[in-house]
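Following is a predicted model, sequence given first.
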Amino acid sequence: MAVYTLPELPYDYSALAPVISPEIIELHHDKHHAAYVKGANDTLEQLAEARDKETWGSINGLEKNLAFHLSGHILHSIYWHNMTGDGGGEPLAADGVGELADAIAESFGSFAAFKAQLSKAAATTQGSGWGVLAYEPLSGRLIVEQVYDHQGNVGQGSTPILVFDAWEHAFYLQYKNQKVDFIEAMWQVVNWQDVARRFEVARSRTNALLLTP
Ligand code: MN
């Protein structure tokens, strides 16, 4: 029985056009995201088999596959909700997302400086990766991470709240090699209400990192 399932998109394939074409959304969700869900489930089965048979020869590969597919599933599940056809601009107190706006200003100096850092981190990924805004609980700050594949270069314990997919499958059919243009366009569809909701939950949950003996 599958542990992980492919979530439905919160909108139809054309909802983010012209920033992201319906063809990309359909392939990205129905094929790429689905493959990560299947990969995570398959890897859990293979790990169960290894435990049963006590055959540990493939443990390194299986643990890497689990991190890759599970992280791919999680990031895409956030990605779809981070975007809306009614999005864009910047978070404003008047829209009920003032605490997120304040946290961005405190952590990065200004919204413009934050936007520049996340854009650069996403656009300069080498190979496949993501630009991620994450809540880092030890400092209580927001940080930008440049993630390799789905799982590398991540600060342990941080929670992603806004993710920019910088894999070629996210843009190549429409933007060809112009990754910088794709990342710039992405800002037009950011759903700040969703980012603010994730920020609130990340910030308020019990922080195991700060537990003392
Ligand atoms: Mn992707």
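Now that the structure is in, tell me what you want to look at. Numbers count the residues shown, from 1 in each chain.

residues in contact with whatever residue of the chain ends up closest to the ion?
Using Cβ to the ion, the closest approach of the chain to the ion is made by D165 at 4.3 Å. Using the backbone N, CA and C atoms, a C-beta is placed for each residue, glycine as well. By Cβ atoms under 8 Å, 6 or more residues apart in numbering, D165 lies in contact with H28, L75, H76, Y79, W130.

For those, please prepare CSV with the additional fields distance to A50.
What follows is these, written out as CSV (distance: Cβ to Cβ, whole Å):
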residue, distance to A50
H28, 32
L75, 26
H76, 27
Y79, 31
W130, 29
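
So which of those residues wins on neighbours?
For the contacts of D165, neighbours were counted using other Cβ atoms under 10 Å, and W130 has the most, 29 neighbours in all.

State the helix or strand in which it lies.
In the assignment (DSSP states H and E), W130 maps to strand 129-136.

Same check on Y13?
Using DSSP H and E, no helix or strand contains Y13.

So which residues on this protein come close to the ion?
With the criterion set to Cβ under 5 Å from the ion, the chain comes near the ion through D165, W167.

residue with max distance from the center of the chain?
The centre of the chain is farthest from one residue, K53, which by Cα atoms, centre = their mean lies 35.3 Å away.

From Y4, how far off is that one?
Counting by Cβ to Cβ, to the nearest Å, the gap from K53 to Y4 is 23 Å.

swap in N153?
23 Å.

how far off strand 129-136 does the lengthiest helix in the chain point, in degrees?
Assignment by DSSP state H gives helix 59-82 as the longest helix of the chain. With axes from the mean of the first three to the mean of the last three Cα atoms, to 10 degrees defining the directions, helix 59-82 sits at 80 degrees from strand 129-136.

And the contacts of helix 59-82?
With Cβ under 8 Å, 6+ apart as the criterion, helix 59-82 contacts 4, 7, 9-10, 28-29, 32-33, 36-40, 42-44, 46-47, 50, 130, 132, 147, 149-151, 160-163, 165, 190-191, 194-195, 198.

Show me just the buried residues among those residues.
The neighbour-count test (16 or more other Cβ atoms under 10 Å) marks 4, 9, 28-29, 32-33, 36-37, 39-40, 43-44, 47, 130, 132, 147, 149-151, 160-163, 165, 190-191, 194-195, 198 as buried among these.

Restricted to strands, list these.
W130, V132, V147, P160, I161, L162, V163, D165 (DSSP state E).

These: which two are farthest apart?
The span of those, defined through Cβ to Cβ, is set by I161 and D165 at 14.7 Å.

Helices of the protein, residue ranges please.
22-27, 34-53, 59-82, 98-108, 111-123, 172-175, 179-186, 192-204.

What residues sit buried inside the longest one?
To tie it back to what came earlier, the one meant is helix 59-82. By neighbour count on 16+ other Cβ under 10 Å, the buried set for helix 59-82 is 62, 65-82.

Next, the angle from that helix to strand 159-165.
Using the same axes, to 10 degrees, helix 59-82 lies at 80 degrees relative to strand 159-165.
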